[in-house]
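Asks: Give me the fold of what follows.
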Amino acid sequence: MNLPARLSALLLLSLLAGASAAAPTDAAKAADRCEADVADTIRRMRGKDVQELQFTATKRVLQPATDDETGVRGEGRYRAGTSGNTVTFTYSCAFNAKSETTSGVLFRENLAGRAAPEKEFLPDLTNLSPEACESAAAADLKLRHPRVGRINFGSDSRRIGPGQNGQVQLEGKGAVERAPGMNAIPFSYSCQVEPRSGRIASVQTLE
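Replies: Numbering: from 1, shown residues only. Below is the predicted model:
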């Protein structure tokens, strides 16, 4: 083989080696850039609920679309902070090697992996008496402070929520004079109420 032919062969081998080395590099860059943009999109849309976001490398698929553009699709998961459940998702993205930009970032969550929405709390208020709860709270304070003076309840502080074992929890705040002439100090109270009968199952006060 003459010298020009040898030089041409060496040049061709060099180009082929460079192309084969560049291909994995471009593929890795496409995957990294797309997955970074997918992660940013999920965090932007779901906010602080997204924790421990991860991509599944074995599910990643790269598909060259044009000479400069590569399509990337795959799967991932994250832990939902509000529920602690693991949410899985699929994603797709396109990476342009020439401009080093991504486009068409899409993700779809597996809704079965998300926590079911909490049912609206709709208690039966027919037999619920805030005054009965406040009377029970006052009696509890009098047991602890036999010389108790005034006890005031803030009606605007009343709150109703789900209690224990199907009961309703009624809570609020107030102020108490532990003895006549003493400065009033704030306290909070809560009652567990049987919704059907209105019976006060338990009461707790905290100063």
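
Asks: Confirm for me that Tyr189 is in contact with Ala175.
Replies: No - in this structure Tyr189 lies outside contact range of Ala175 using C-beta atoms under 8 Å: 11.5 Å. To be clear about C-beta, it is placed using only N, CA and C from the backbone, and glycine gets the same treatment.

Asks: between these two, who's got more neighbours?
Replies: Between Tyr189 and Ala175, Tyr189 has the larger neighbour count (other C-beta atoms under 10 Å), namely 23 against 15.

Asks: domain ranges for this protein?
Replies: In the domain annotation for the chain, the residue ranges read 46-118, 130-206 (automatic domain parsing).

Asks: could you give the mean pLDDT of the longest one?
Replies: The predicted model assigns domain 130-206 a mean pLDDT of 89.

Asks: Name all residues that make contact with the residue positioned nearest the centre of the chain.
Replies: With distances taken as C-alpha atoms, centre = their mean, Asp49 lies nearest the centre of the chain, 2.3 Å away. Neighbouring residues of Asp49 by C-beta atoms under 8 Å, 6 or more residues apart in numbering: 80-82.

Asks: so what's it scoring on pLDDT?
Replies: On the pLDDT scale, Asp49 is placed at 83.

Asks: Give the closest residue to it in space, chain neighbours not counted.
Replies: Nearest non-adjacent residue to Asp49, counting by C-beta to C-beta, 6 or more residues apart in numbering: Gly81, 5.0 Å away.

Asks: How much space separates that neighbour from Val38?
Replies: For Gly81, the distance to Val38 equals 19 Å [C-beta to C-beta, to the nearest Å].

Asks: between the two, who's got more neighbours?
Replies: Using other C-beta under 10 Å, the more surrounded residue of Gly81 and Val38 is Val38, with 24 against 14.

Asks: correct me, but that one touches Arg108?
Replies: No - when contacts are counted by C-beta under 8 Å, Val38 is not listed as touching Arg108 (11.0 Å).

Asks: Quickly list what's touching both of these two.
Replies: Listed contacts common to Val38 and Arg108 are Tyr91; contacts here mean C-beta under 8 Å, 6+ apart.
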